[in-house]
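Participant: Here is a sequence with its predicted model. Questions after.
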Amino acid sequence: MRDPVEARDLRGEEAPPHRIRAAMLTQRRILPVTDAPEVAPPVSAERDRAKSAVLRRYFTAVAEEWVRGRQVTVYARRP
């Protein structure tokens, strides 16, 4: 995993799926920012599938708002 400066890419480099899952499970809330559904690419990368699976299984969406064409959803950890 490298930040954008180290990776020389605005997106940086993400950790492998197992580390993403472990990091997500330490959080009480997660706020993903996504593109509008009509322009968002389908979930295809293993990392993205891991994120989606954790959110579906362990979190509940509690708020959603559109900001400058992006969807911001607040997910809270289920008890």
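Facilitator: Yep, it's here. Numbers count the residues shown, from 1 in each chain.
Participant: where does this structure have its least confident helix or strand?
Facilitator: Taking mean pLDDT, DSSP states H and E as the measure, the chain has helix 4-7 as its least confident helix or strand, at a mean of 65.
Participant: Show the subsequent helix or strand relative to that helix.
Facilitator: The first helix or strand that comes after helix 4-7 along the chain, using DSSP states H and E, is helix 17-24.
Participant: which residues sit against that following helix?
Facilitator: 1, 14-15, 30, 46-47, 49-51, 53-55, 58 (C-beta atoms under 8 Å, 6 or more residues apart in numbering). Just so you know, the C-beta spots here come from the backbone N, C-alpha and C atoms, and that holds for glycine as well.
Participant: Mind putting those residues into a markdown table with distance to Arg70?
Facilitator: Conversion of the contacts of helix 17-24 to a markdown table gives the following (distance: C-beta to C-beta, whole Å):
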| residue | distance to Arg70 |
| --- | --- |
| Met1 | 23 |
| Glu14 | 19 |
| Ala15 | 23 |
| Ile30 | 15 |
| Glu46 | 24 |
| Arg47 | 19 |
| Arg49 | 21 |
| Ala50 | 21 |
| Lys51 | 16 |
| Ala53 | 22 |
| Val54 | 21 |
| Leu55 | 17 |
| Tyr58 | 23 |
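Participant: if you look at those, which of them are in strands?
Facilitator: Ile30 (DSSP state E).
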